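# Compute the structure for the input listed below.
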Amino acid sequence: MPFDNEGFFWNFEDWNVAVFEELCREAGLGELTETHWRVVRFLREFYSSQKRAPLNNLIKRGTGISLQELEGLFPGGIRYGARRLAGLPNPKTCIGI
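You can find the predicted model right below:
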């Protein structure tokens, strides 16, 4: 099973575009926009280089999207929506890292 009990990938490397698109459909997202992709690319690139998830203000600066808009882009907001769908680890397992 590639996911934990909250739907987060166990392994960052298991994520791929096809799985992302299926997870988005399951989450009730309609058509994915360039804005969705911008957020996902930023999250994945940041995590890949830093080995940690970016803070919300870094996401805002890195994507040029307001926090309010970011929260509304994905069901579950930034933490449990965008992060989960982008394949980042569960925030609960990242505490103290």
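# which residues make contact with the helix ranked longest in the chain from outside it?
Secondary structure of the chain per DSSP state H: the longest helix is helix 34-50. With contact meaning CB atoms under 8 Å, 6 or more residues apart in numbering, helix 34-50 is reached by 12, 15, 20, 24, 29, 53-54, 58-59, 62-63, 65, 69-70, 73-74, 82-83, 85-88. Placement of C-beta: from N, CA and C, glycine included.
# are any of those residues buried, and which?
For these, a burial check counting by 16 or more other CB atoms under 10 Å picks out 15, 20, 24, 29, 53-54, 59, 62-63, 65, 70, 73-74, 82-83, 85-88.
# contacting residues around the spatially most central residue of the chain?
For the chain, the residue nearest the mean C-alpha position is R83 (2.3 Å; CA atoms, centre = their mean). By CB under 8 Å, 6+ apart, the contact set of R83 is F8, L43, A53, P91.
# Let me know the helix or strand that C24 is in.
helix 17-27 (DSSP states H and E).
# buried sites along that helix?
F20, L23, C24.
# Redo these as a markdown table? Include pLDDT and distance to V39.
Shown next, in a markdown table, are these (pLDDT from 0 to 100; distance: CB to CB, whole Å):
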| residue | pLDDT | distance to V39 |
| --- | --- | --- |
| F20 | 94 | 12 |
| L23 | 91 | 14 |
| C24 | 94 | 12 |
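# and those as CSV, adding distance to Y47?
Shown next, in CSV, are the buried residues of helix 17-27 (distance: CB to CB, whole Å):
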residue, distance to Y47
F20, 14
L23, 17
C24, 18
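# and which of those residues is nearest to P2?
The nearest member of the buried residues of helix 17-27 to P2, counting by CB to CB, is L23 at 11.0 Å.
# The closest one against A82, yeah?
No. L23 is not in contact with A82 according to CB atoms under 8 Å; the separation is 11.4 Å.
# Could you list which of the buried ones among the contacts of helix 34-50 belong to helices?
F20, C24, I59, G62, T63, L70, L73, R83, L85.
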